[in-house]
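1. sharing a model that was predicted from the sequence below.
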Amino acid sequence: MAKLHRYFRVEDIVGSVMFAAILAVSQAFGVGKNFHFVASFAIWVVVIFPVWMLVALPIRWVLQATQQSYLVGLMLAISTALLASIPQTLYIQFCIGLTLNQTIAFETTFIQVLTVSLSITILVYVLTGSAVRIASLDEANRNKASDLSENNSSAKLLTDQLPPEIGINITSIHAEDHYLRVVTDKGEALILMRLRDAIAAMSKDAGMQTHRSHWVSDASNPELVRQNGKPALMLDDGRTVPVSRHYLRAVRASLSARKP
């Protein structure tokens, strides 16, 4: 039922009933000339609902499965309507023959069905396409909010362990056995936390990892230097942090991106 609900909507019933009413009033295909409006309307409801779903289901599937742009999706929907018009024509000819005992030429019926099918397609696409786009935007916003909430929660786990007197403006983090030495612009402290969890708690553009045991904030204005022949970062407070060969390329790229 859950999978079916992804493609079937209440507006399909409403839309098909409204369209059936329009066809009954206009006496489309000659249906209704010999019937009371109620009988004609009932016939069109039975005929239009399967036709409507034959258009709506592929459109909804295309939009949800391929995530195409709005205009590309519309072109795909119109193509679907063209293909669907053939079985729709055969179905309507069968219904007319069954209810009115009349035979209408396939070409004549096909042109009329194609007109109706394209009208339904555009109507369904405008309703469905807008709904899917809104749902996609809502889901993206929910995911973004969830990511922000998770990141804020992780950051709080880190900053809550810091003594109030050293503040939370972190300049570097260093792994020492099972602890982390967190250095701020006002001091430093040892906390019990894994380096990878601490890095995950920081904003992605807040700094860079230079070594499996070291992380440096961009706010410390790091400069790449060589110390005893090995690469290192010189921070604005005079400290140096080692840069391993594994992280050297990423560090250079990060420093280059920071240059005006």
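-> Cool, got the structure.

2. C-alpha from now on. contacts and neighbour counts both.
-> Noted.

3. Ala189 falls within a helix, correct?
-> No: Ala189 is assigned strand when assessed by DSSP: H, G, I helix; E, B strand; the rest coil, not a helix.

4. for Arg212, see how far away it is.
-> As judged by CA to CA, to the nearest Å, Ala189 and Arg212 stand 19 Å apart.

5. same question for Ala39.
-> Distance, Ala39 to Arg212, using CA to CA: 78 Å.

6. beyond the host helix or strand of Ser119, next helix or strand please.
-> Using DSSP states H and E, Ser119 sits in helix 106-159. Where DSSP H and E defines the elements, the next helix or strand beyond helix 106-159 is strand 170-176.

7. what does that following strand contact?
-> 180-185, 194-195, 213-220 (CA atoms under 8 Å, 6 or more residues apart in numbering).

8. give me the buried positions along the helix or strand just after it.
-> Using DSSP H and E, the next helix or strand after strand 170-176 towards the C-terminus is strand 179-184. Applying a neighbour-count criterion of 16 or more other CA atoms under 10 Å, the buried positions in strand 179-184 are Leu180, Arg181, Val182, Val183, Thr184.

9. for Thr240, state which of those residues is nearest.
-> In terms of CA to CA, no member of the buried residues of strand 179-184 lies closer to Thr240 than Val183, at 12.7 Å.

10. ok, that closest one to Ala105 distance?
-> In this structure, Val183 and Ala105 are 85 Å apart, going by CA to CA.

11. swap in Glu223?
-> Distance, Glu223 to Ala105, by CA to CA: 82 Å.

12. of those two, who's got more company?
-> A side-by-side neighbour count of Glu223 and Ala105, using other CA atoms under 10 Å, places Glu223 first with 14 against 8.

13. what values do phi and psi take at the more buried one?
-> Phi and psi for Glu223, reported as degrees, to the nearest 10, are phi -130, psi 140.

14. may I have the residues that are in contact with it?
-> Contact partners of Glu223, counting by CA under 8 Å, 6+ apart, are Leu233, Met234, Leu235, Leu255.

15. make it 6 Å
-> By CA atoms under 6 Å, 6 or more residues apart in numbering, Glu223 lies in contact with Leu233, Met234.

16. that one pairs with what?
-> With DSSP bridges as the criterion, Glu223 is bridged to Met234.

17. do you know the pLDDT at it?
-> We have a pLDDT of 92 for Glu223.

18. low pLDDT regions in the stretch 51-200 of the chain?
-> Applying pLDDT under 70 to the stretch 51-200 of the chain picks out residues 51-52, 54-73, 77, 96, 99-104, 124-155.

19. quick check: bridge partners of the closest residue to Val182 other than its chain neighbours?
-> Residue nearest to Val182 in three dimensions, not counting chain neighbours: Ile173, with 4.6 Å by CA to CA, 6 or more residues apart in numbering. Beta bridges link Ile173 to Val182, Trp215 when assigned by DSSP bridges.

20. ok, now how distant is Ile173 from Phe37?
-> Noted for Ile173: a distance of 79 Å to Phe37, by CA to CA.

21. the two: which is more packed in?
-> Of the pair Ile173 and Phe37, Ile173 is the one with more neighbours under other CA under 10 Å, namely 24 against 16.

22. distance of that one from Val183?
-> Per CA to CA, Ile173 is found 6 Å from Val183.

23. tally of neighbours for Val14?
-> Number of residues near Val14 (other CA under 10 Å) recorded here: 12.

24. fine by me, we can end here.
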